[in-house]
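Student: A structural model of the following input is requested.
(one chain, ligands or ions: 1)
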Amino acid sequence: MQRVTAKICGLSTPETVDAAIAHGASHAGFVFFPKSPRNLAADQARALTLRVPPHVGKVGVFVDAEDEVIDRAIGIGGVDTIQLHGKEPPERLAALRRRHPGIALWKAISIRTRADLDAAKLYRPVADLILYDAKTPEGTLPGGMGLRFDWTLLDGFAHPQRWALSGGIDAGNVADAAGRTGARLIDTSSGVESAPGIKDVDKIAAFLQRVASL
Ligand SMILES: O=C(O)c1ccccc1NCC(=O)[C@H](O)[C@H](O)COP(=O)(O)O
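Tutor: This next block holds a predicted model:
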């Protein structure tokens, strides 16, 4: 069976980027959303993405962003994957595919009920990966809130394409998350932080060591 890999999302310091790489993250996530405590300015993002070796994916996270914001993140030389975490319709992904051929497109889908999973099917023609995340309360951030959804909702669901799991996952529950759902790519942010937006190198290490043991 394919091994489990992990994306550490919302990295914002050299030390935590280095820790994610040293402990085997498959993807490093960088947030470009001003309302997030993990938001990066362009020069910060450039310095951080330069530390990431070619075998590690560099994922830019955007929320209903204008083209200019995404262009800039790609232009700094860093981002090789666009993760859309807002209410972007399939047509937006199709437009981004035309604008940025060669850049992978991930779409986050917010899950609270089984019916929410159906949205994944709409993105089959245009997304390279679906990221299932917990639906967050109205008026809060659409991701990075440390909330999990009921993983049993995925039982028996015929995934239309490649997918990953996120939402409230940490070193203590990642084995259960992967075992219960069959996810082969797990995304975490709050689960490796000491406070919102503050990544913890020891938590990153513990999380990735647990993932490597699966
Ligand atoms: O991390 C953020 O601040 C963020 C803000 C707005 C949209 C998405 C965001 N993060 C996206 C991620 O990929 C997170 O890793 C994912 O939502 C899981 O977060 P968590 O539940 O905190 O592990």
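Student: show me what from the chain comes close to the ligand.
Tutor: 9-10, 29, 31, 33, 36, 38, 61, 63, 85, 133, 141-147, 166-169, 187-191 (Cβ under 6 Å from any ligand atom). Just so you know, the C-beta spots here come from the backbone N, C-alpha and C atoms, and that holds for glycine as well.
Student: what about 5 Å?
Tutor: 9-10, 31, 33, 36, 38, 61, 85, 133, 141-144, 146, 166-168, 187-190 (Cβ under 5 Å from any ligand atom).
Student: for this structure, which spans come out with low pLDDT?
Tutor: 1, 77 (pLDDT under 70).
Student: if I pick the residue nearest to residue 12 when sequence neighbours are not counted, what's in contact with it?
Tutor: Excluding the flanking residues, the one nearest residue 12 by Cβ to Cβ, 6 or more residues apart in numbering is residue 38, at 5.6 Å. Residue 38 sits next to 9, 10, 11, 12, 31, 144, 189, 197 when contact means Cβ atoms under 8 Å, 6 or more residues apart in numbering.
Student: so which of the residues of the chain next to the ligand belong to strands?
Tutor: 31, 61, 133, 166, 187, 188 (DSSP state E).
Student: out of those, who's nearest residue 18?
Tutor: residue 188 (17.3 Å; Cβ to Cβ).
Student: looks like that closest one contacts residue 9 (just checking).
Tutor: Yes - at 6.7 Å, residue 188 counts as touching residue 9 under the criterion of Cβ atoms under 8 Å.
Student: out of the two, which sits in the busier spot?
Tutor: Counting neighbours by other Cβ atoms under 10 Å for residue 188 and for residue 9 shows that residue 188 has the greater number, 31 against 28.
Student: just to revisit the earlier point, buried ones among the residues of the chain next to the ligand?
Tutor: 9-10, 31, 33, 36, 38, 61, 85, 133, 141-144, 146, 166-168, 187-190 (16 or more other Cβ atoms under 10 Å).
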